[in-house]
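[1] Have a look; sequence and predicted model below, questions after that.
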Amino acid sequence: SQQGEEDPQALSIQEGENATMNCSYKTSINNLQWYRQNSGRGLVHLILIRSNEREKHSGRLRVTLDTSKKSSSLLITASRAADTASYFCATDALGGGADGLTFGKGTHLIIQP
Amino acid sequence: EAGVTQFPSHSVIEKGQTVTLRCDPISGHDNLYWYRRVMGKEIKFLLHFVKESKQDESGMPNNRFLAERTGGTYSTLKVQPAELEDSGVYFCASSQVRKETQYFGPGTRLLVL
């Protein structure tokens, strides 16, 4: 698997349900960020979680990070049609080297009305 | 506060031509990043500027790509000569502090025919 690989690749749920997406990565990280991309648009930053944090909330979003398993999850509660988008996790490698984020291919989330 | 802006939003050129993409970061952000996503692949890091200096250009695919950030404000990414495989979406991002949240622009969709 690749650094920052999301799972599942596609997810379709009913409006009002919760959506959970997972991300796995390979190397030690400084932080992990989740982004959303609506069709044909740019990336919108959702949340950043640092390597020393285990859980973070922002509105209807809940992110967890397990550095021992090199994995993260994004939970969207009470989903809405407007949440339909692709979701990406991106990791920032530990250390003073490269700052470039490493992305996975994303999870395409469809919220059925 | 204005976000990251990119110009043009779309560009269609023929193989062998030159294209220049522009990115204006969020005001005050010293860190500027270029990424691209070719069809079917994940978003890949190209390079990172700190002010006007190239901090890391390990992701630049080859010497047909030239990025500049004269004066440490906006940046340009020139592709010369363009090849078919250069088609994709080119994203720019900026951050105030290294290893912190990167804010992305809407991207430039480049199609090389």
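    Perfect, I can see it now.
[2] what comes into contact with stretch B:103-113?
    A:35, A:41-45, B:3-15, B:19, B:21, B:23, B:26, B:29, B:35, B:79, B:82-95 (CB atoms under 8 Å, 6 or more residues apart in numbering or on different chains). Every residue, glycine included, has its C-beta placed from N, CA and C.
[3] Return a PyMOL selection command for the buried portion of the residues you listed.
    A single PyMOL command selects the buried members of those (16 or more other CB atoms under 10 Å in any protein chain shown):
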select buried, (chain A and resi 35+42+43) or (chain B and resi 4+5+6+11+13+19+21+23+26+29+35+79+82+86+87+88+89+90+91+92+93+94+95)
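[4] I'd like to know which of the contacts of stretch B:103-113 are part of strands.
    A:35, A:43-45, B:5-7, B:10-13, B:19, B:21, B:23, B:35, B:79, B:88-95 (DSSP state E).
[5] burial measure for the closest residue in space to B:Val97 that isn't next to it in sequence, as a count.
    Nearest non-adjacent residue to B:Val97, counting by CB to CB, 6 or more residues apart in numbering or on different chains: B:Asn31, 7.4 Å away. Residues lying near B:Asn31 (other CB atoms under 10 Å in any protein chain shown) number 21.
[6] Also B:Lys41?
    Burial measure for B:Lys41: 11 neighbouring residues, criterion other CB under 10 Å.
[7] Confirm it sits in a strand?
    No. Checked against DSSP: H, G, I helix; E, B strand; the rest coil, B:Lys41 lies outside a strand; its state is coil.
[8] Provide a list of residues in contact with the nearest residue to it once chain neighbours are set aside.
    Once flanking residues are discounted, B:Lys41 sits nearest to A:Lys105: 7.6 Å by CB to CB, 6+ apart. Going by CB under 8 Å, 6+ apart, A:Lys105 touches A:Gln2, A:Glu5, A:Glu6, A:Gln9, A:Phe88, B:Lys41, B:Glu42.
[9] Give me the contacts around stretch A:52-68.
    Residues from elsewhere that reach stretch A:52-68 (CB under 8 Å, 6+ apart): A:28-29, A:32, A:34, A:46-47, A:49, A:51, A:71-78.
[10] quick one: least confident helix or strand in chain B?
    None of the helices or strands of chain B scores lower by mean pLDDT, DSSP states H and E than strand B:53-56, at a mean of 90.
[11] Does anything pack onto that strand? Which helices or strands?
    Helices and strands touching strand B:53-56, by 3 or more CB pairs under 8 Å, 6 or more residues apart in numbering or on different chains; DSSP states H and E, are strand B:44-50.
[12] is the residue nearest to B:Val97 in a bridge, and if so with what?
    B:Val50, B:Ser95 (DSSP bridges).
[13] Could you give the bridge partners of B:Leu21?
    B:Leu77.
[14] quick one: contacts of stretch B:7-25?
    B:4-6, B:31-32, B:34, B:73-84, B:90, B:92, B:94, B:105-113.
[15] Report pLDDT for B:Gly40.
    With respect to pLDDT, B:Gly40 scores 79.
[16] nope, A:Ser1 is what I was after
    pLDDT, A:Ser1: 32.
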